[in-house]
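Undergrad: What shape does this take:
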Amino acid sequence: MISRRGIVAGGGAGIGLVVAWGLWPRDYAPTLVANPGETAFGAWLKIGSDGHVTVAVPQAEHGQGAYTALAQIVADELGADWRTVGVEPAPLNPLYANPVGLNALFEGMLGAIPDAVAGPAPMLTGGSSTIRMFEEACRTAGAAARVLLCKAAARRWDADWAQCRTEAGFVVAGAKKLRFAALAEEAARETLPEPLAFGVQGAGRLVGTSVPRIDTPAKVDGSANFAGDVRLADMVHAAIRQGPVGDSRLVGVDRAAAERIRGVVQVVETPRWVAAVATTGWAAQRALDAMHPRFATGLEPGRGGVVDSASIDRALTAALDAPGIGMAKAGDVAGPLRGAGVVTAAYRVALGVHAAIETRSATASYRDGRLELWVQTQAPGLARAAAARAAGIAEAQVVVHPMPVGGSFGAALEHDAAEQAAVLAVTLKRPVSLVWSRGEDLLHDRYRPAAAARMAARLAPNGRILAWRAQIAAPSTGAELARRIMPGATTRAATAMARGDAYAVGGALPAYAIPAYAIDHHVADLGVPTGHLRGGAHGYTAFFTESFVDELARVAGTEPMSYRIGMLGGGARLARCLSTAASLGGWDGGVAGSGQGIACHAFRGSFIAVMAEAHPGADGRPVVERLVAAVDCGAHINPDLIRQQIEGGLIFGMATALGAATGFTRNLADARGFADLALPRLADTPDITVELIRSDEAPGGVGELAVPPVAPAIANALFSATGFRIRNLPLRPSA
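TA: Take a look at the predicted model:
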């Protein structure tokens with residue numbers, strides 16, 4: 001029978017990276033369900049009587065290629081025919097927990113707080129951790145199933161199983177061969193040897209190749225179902241309106257107006273929101289608009305006050321003027337940063353929005369005390385817990401069906417829509433589909449925080465940086481996330497994260513060999529809910545750092561790319577990225593009028609350099625003509641997936657550089673639709689070149705890697721084009 005703890009109980013050495021989880025029990029029984037005609041091989045794969053191989057994937061698929069990458073690793077060790085490989089979401093089970101992703105998301109702060117979590121890490125998609133967390137488990141699962149199949153075949157042939165191999169879905173020994181399908185049931189009764197060998201008996205033919213994506217065909221032909229596509233018998237549709245940011249309460253609705261709309265079934269009111277429920281989504285939205293919901297927002301001191309762009313700006317300034325909390329320090333910075341000759345600069349970043357193509361949505365059905373939930377989620381266990389709390393039922397009575405996610409960029413870490421759909425389903429006692437409007441999605445986003453920085457540096461006579469100080473004002477977004485993502489967090493952990501939030505200054509420590517530096521977090525209360533946006537704080541700290549380094553290179557009279565390489569010390573991987581990007585892009589030194597800029601960043605064990613060519617357009621908005629990226633992310637599982645993520649990250653970074661932000665007016669976001677976000681269109685897309693540097697290092701994170709360096713590369717390019725330095729995001733010459 002299969003043992004080896006159900007063929008790996010999730011993560012292996014990956015879990016050992018996080019000390020805080022060292023003592024947790026991990027002997028969890030696999031709960032992967034085999035359908036009729038299927039044989040389960042532990043927690044990760046099933047083989048069907050028709051030869052299909054199904055891999056259980058614990059990561060949400062939101063465009064990053066998790067379905068393909070993890071299935072490819074399993075199939076590689078198994079020796080499967082890729083044409084027969086499919087996937088399904090892994091069942092809720094602690095053996096799929098992702099402490100590596102959780103710790104990466106929180107910038108390592110959980111490892112320093114051993115009592116941060118009262119229970120196991122959740123199933124989680126985040127922190128660019130799919131390969132880093134689950135490669136070993138998937139490889140072990142595939143190798144184990146391969147051995148079992150070979151042993152079953154050898155028993156039939158009265159042969160030595162070690163002399164068998166797998167090839168394209170067959171077990172082969174000399175001229176004899178048998179399909180996996182014919183051996184699966186017998187193989188599951190075999191036992192595993194110790195130790196388990198990897199990359200042998202025909203394994204190792206798929207990893208490193210660009211096999212076709214598993215999720216692409218259904219997305220191309222429209223057959224892929226998302227949370228808002230689910231259709232159930234007797235289902236109704238809901239549209240929702242929530243109050244402004246702050247202490248808002250529903251005080252009135254015109255029910256009669258709503259009920260005059262044909263198809264309206266019911267109006268559901270709660271203190272925080274109101275929903276119109278109808279037979280169609282269009283009728284529900286019309287009824288919601290007709291009822292003109294009215295909210296009262298507590299604006300007196302102590303209850304949030306008026307939130308607008310000016311108040312956010314004042315909060316950032318006040319935070320910078322107050323003492324900060326030291327987050328990283330080396331050497332003496334106080335002495336060198338006194339007196340004349342200190343180079344200083346101040347930067348600001350506006351609130352960023354997720355603006356994923358799929359707005360927040362969920363479908364719920366409540367029957368006989370059991371709630372089923374189809375939801376976009378990066379943390380299905382947390383979605384189940386949130387829905388159960390909102391509906392007032394036990395978690396054991398909630399079944400979550402994780403759906404593919406239409407973008408997300410971190411928004412699917414939040415479960416407001418799941419909670420609301422659960423309440424509606426329990427109230428109406430019939431299936432409900434809830435889809436937020438685009439306006440609702442932007443008005444009630446968990447925004448990438450607005451931030452500000454004061455940078456200071458002292459240069460040596462030869463231009464080298466002697467001392468560096470970064471004072472960063474930003475809210476404690478890590479603490480906010482912890483309260484939502486880890487409801488078991490202790491008071492001490494929450495307090496520790498609220499003071500000196502590592503998430504809020506993630507990526508602020510320069511990759512350069514600077515003898516004395518200080519990174520301070522100045523906690524700012526903006527009065528606006530914040531959350532994780534692709535790249536996290538790196539999206540603004542890289543802008544601060546790489547723009548300021550460019551300014552220092554100009555002060556030192558040194559060409560910016562060589563200046564960076566000279567400051568890296570032993571950072572060979574980042575230096576190679578810089579030189580490669582410069583070579584591919586035809587770097588001319590970023591001389592005046594060239595419109596060329598360069599920036600680099602290290603992130604989640606990977607390295608990238610981006611060269612941009614840009615100039616101001618006729619309307620003053622920057623025009624980006626070229627983006628050239630050189631990437632070292634360690635060994636490649638699927639080169640095409642990496643390239644797709646880098647290309648997508650470059651466009652995403654360009655969007656956050658030029659727009660994808662909002663101001664606030666009287667507790668409401670100014671942006672209500674895509675037209676308000678200045679997002680790049682197809683016509684705005686620059687010429688893009690991506691070079692993947694070959695490496696035998698362990699795979700690093702890729703999904704967020706390309707986002708941080710794009711904004712500073714464009715800002716530096718605009719400076720070389722115009723001689724005018726823009727220190728605000730989004731980049732506007734008038735800023």
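
Undergrad: Residue 716 versus residue 722, what's the distance?
TA: Separation of residue 722 from residue 716 (C-beta to C-beta, to the nearest Å): 11 Å. Using the backbone N, CA and C atoms, a C-beta is placed for each residue, glycine as well.

Undergrad: Ok, residue 527 next?
TA: 33 Å.

Undergrad: what does residue 604 give?
TA: 23 Å.

Undergrad: got it, and residue 223?
TA: 44 Å.

Undergrad: These two: which is more packed in?
TA: Higher neighbour count among residue 223 and residue 716: residue 716, with 29 against 9, using other C-beta atoms under 10 Å.

Undergrad: Which single helix of this protein contains the most residues?
TA: In terms of residue count, the longest helix belonging to the chain (DSSP state H) is helix 130-157.

Undergrad: buried ones in that one?
TA: For helix 130-157, burial by neighbour count (16 or more other C-beta atoms under 10 Å) applies to 130-154, 157.

Undergrad: what's the answer for stretch 725-735, then?
TA: Buried, per 16+ other C-beta under 10 Å, within stretch 725-735: 726, 727, 728, 729, 730, 731.

Undergrad: Could you pick out which of the residues you listed are located in strands?
TA: Among these, the members found in strands (DSSP state E) are 728, 729.

Undergrad: Which member of the buried residues of stretch 725-735 is positioned nearest residue 506?
TA: Within the buried residues of stretch 725-735, distances to residue 506 taken as C-beta to C-beta reach their minimum at residue 729, with 16.3 Å.

Undergrad: tell me the contacts of the residue nearest to that closest one when sequence neighbours are not counted?
TA: Spatial nearest neighbour of residue 729, excluding adjacent residues (C-beta to C-beta, 6 or more residues apart in numbering): residue 349 at 4.4 Å. Applying C-beta atoms under 8 Å, 6 or more residues apart in numbering to residue 349 gives the contacts 450, 451, 452, 539, 540, 543, 728, 729.

Undergrad: what's the answer for residue 703, then?
TA: Taking C-beta under 8 Å, 6+ apart, we find residue 703 in contact with 64, 128, 130, 534, 645, 649.

Undergrad: how close does it sit to residue 535?
TA: 9 Å.

Undergrad: Now list whatever residues contact both of these two.
TA: residue 649.

Undergrad: the helices in the stretch 451-600 of the chain, which residues?
TA: Along the stretch 451-600 of the chain, counting by DSSP state H, counting those that start in this stretch, helices occupy 477-485, 491-498, 538-556, 560-567, 572-585.

Undergrad: Could you take those helices and lay them out as TSV, with extra columns for mean neighbour count?
TA: TSV is the format used below for the helices of the stretch 451-600 of the chain (neighbours: other C-beta atoms under 10 Å):
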stretch	mean neighbour count
helix 477-485	23
helix 491-498	17
helix 538-556	25
helix 560-567	22
helix 572-585	20
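
Undergrad: mean pLDDT lowest for which of these?
TA: In terms of average pLDDT, helix 491-498 trails the rest of the helices of the stretch 451-600 of the chain, at a mean of 58.

Undergrad: sorry, back to before: going by distance to residue 408, which of the contacts of residue 349 wins?
TA: residue 539 (15.5 Å).

Undergrad: Test my guess that that closest one contacts residue 706.
TA: No - using C-beta atoms under 8 Å, residue 539 makes no contact with residue 706, being 11.1 Å away.

Undergrad: overlap in contacts of these two?
TA: residue 653.

Undergrad: which residues touch the nearest residue to residue 641 once chain neighbours are set aside?
TA: Excluding the flanking residues, the one nearest residue 641 by C-beta to C-beta, 6+ apart is residue 65, at 3.9 Å. Contact partners of residue 65, counting by C-beta under 8 Å, 6+ apart, are 213, 215, 638, 641, 644, 645.

Undergrad: taking the mean pLDDT, what do you get for stretch 221-232?
TA: 95.

Undergrad: Quick check: end-to-end length of it?
TA: 22 Å (C-alpha to C-alpha, to the nearest Å).

Undergrad: do stretch 203-211 as well
TA: 15 Å.

Undergrad: Could you pull out the buried residues of it?
TA: 203, 205, 206, 207, 210, 211.

Undergrad: And stretch 678-696, by the same measure?
TA: 678, 679, 680, 684, 686, 688, 689, 690, 691, 692, 693, 695.

Undergrad: Off-centre distance for it?
TA: Centroid separation between stretch 678-696 and its chain, computed with C-alpha atoms, centre = their mean, to the nearest Å, is 19 Å.

Undergrad: what's next to that stretch, contact-wise?
TA: 355, 573, 576-577, 580-581, 584-585, 612-613, 621, 623-636, 639, 642-643, 646-647, 650-651, 654-655, 658-660, 730.

Undergrad: Any stretches of the chain with poor pLDDT?
TA: Applying pLDDT under 70 to the chain picks out residues 1-28, 111-120, 299-304, 487-499, 734-735.

Undergrad: how much space between the residue of it most remote from its centre and residue 710?
TA: In the chain, residue 158 marks the outermost C-alpha relative to the chain mean, sitting 50.4 Å out by C-alpha atoms, centre = their mean. Shown here: residue 158 relative to residue 710, a distance of 62 Å by C-beta to C-beta.

Undergrad: Thanks a lot, catch you later.
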